[in-house]
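A.B. asks: Structure of the sequence below:
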Amino acid sequence: MRRITYALLIPFLLALAAPDEKTYDLIHTKRAATILTLSAKQKLLESTNELSAAAGGKRMLKSNHGTYIRLAYGRKRKVDLMRGEPRESEHWYVEDWRGKVVFKSTHSPGRFLRALPSGKVDLVPTHPHNCPALMWKPFRNSDDTWSFLSIHGTWLSGLKNGVVRCMLERKCSEKFTLPWW
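C.D. replies: Numbering: from 1, shown residues only. Coordinates of the predicted model:
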């Protein structure tokens, strides 16, 4: 008698335990999203390590507009963009800092490119250990250019008017090539 009772209950219990089509789709959509997120994180890690490990060294930062980020002299040392053939003022050391990079000018004393919360970019002699705003997270773009994210969530940008600053969105002015010098 008990066998018959259990035999009748099993299909009923299975029907209750089996998810309906909507629940089934939701479970698989969440799983797919998790897989895509993990894949994106891995790709990001690979591109970050690619720049910080392989592309470090003696580099120039060439904007999408054909200008170079440089250390400009005047009353005050500042950073801007220069057209034409690159000179020594456009030379930078790109240093790896555990998956992030810092840009150090070749002039003595070496100064580092720093992002400010206001969006401005300046140069300071501060060592990266003492200032996280000197560190940039590199991202490889699909067109083989690089973009650099500041600690403030803004992107290093070389604007057409010769200004270097940080912008909220990554567009064409936030893309750079890194030729060797």
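A.B. asks: next one: phi and psi at Arg111?
C.D. replies: Backbone geometry at Arg111, expressed as degrees, to the nearest 10, gives phi -120, psi 150.
A.B. asks: shouldn't it be in contact with Lys78?
C.D. replies: No: counting by CB atoms under 8 Å, Arg111 stays clear of Lys78, with 10.2 Å between them. (Glycine included, C-beta is placed from N, CA and C.)
A.B. asks: shared neighbours of the two, anything?
C.D. replies: Leu71, Leu123 (CB atoms under 8 Å, 6 or more residues apart in numbering).
A.B. asks: So which of those two has more stuff around it?
C.D. replies: Arg111 (20 against 15; other CB atoms under 10 Å).
A.B. asks: which one is the more buried one nearest to, not counting chain neighbours?
C.D. replies: Of all residues not flanking Arg111 in the chain, Leu123 sits nearest, at 4.0 Å (CB to CB, 6 or more residues apart in numbering).
A.B. asks: To which secondary structure element is the one you found assigned?
C.D. replies: strand 121-124 (DSSP states H and E).
A.B. asks: Let me see the mean pLDDT of that strand.
C.D. replies: The average pLDDT within strand 121-124 is 94.
A.B. asks: go on, stretch 171-181?
C.D. replies: Per-residue pLDDT values over stretch 171-181 give a mean of 95.
A.B. asks: In CSV, could you pull the C-alpha coordinates for that stretch?
C.D. replies: What follows is stretch 171-181 as a C-alpha-only set of coordinates in CSV (Å, rounded to 0.1, in the frame of the first residue of the first chain):
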residue,chain,number,x,y,z
LYS,A,171,35.5,58.8,-26.5
CYS,A,172,38.1,59.5,-29.2
SER,A,173,40.0,62.2,-27.2
GLU,A,174,40.5,59.6,-24.5
LYS,A,175,42.5,57.2,-26.7
PHE,A,176,46.3,57.2,-27.0
THR,A,177,49.0,55.2,-28.9
LEU,A,178,52.3,54.7,-27.1
PRO,A,179,55.2,55.0,-29.5
TRP,A,180,58.7,54.2,-28.2
TRP,A,181,61.3,56.9,-28.0
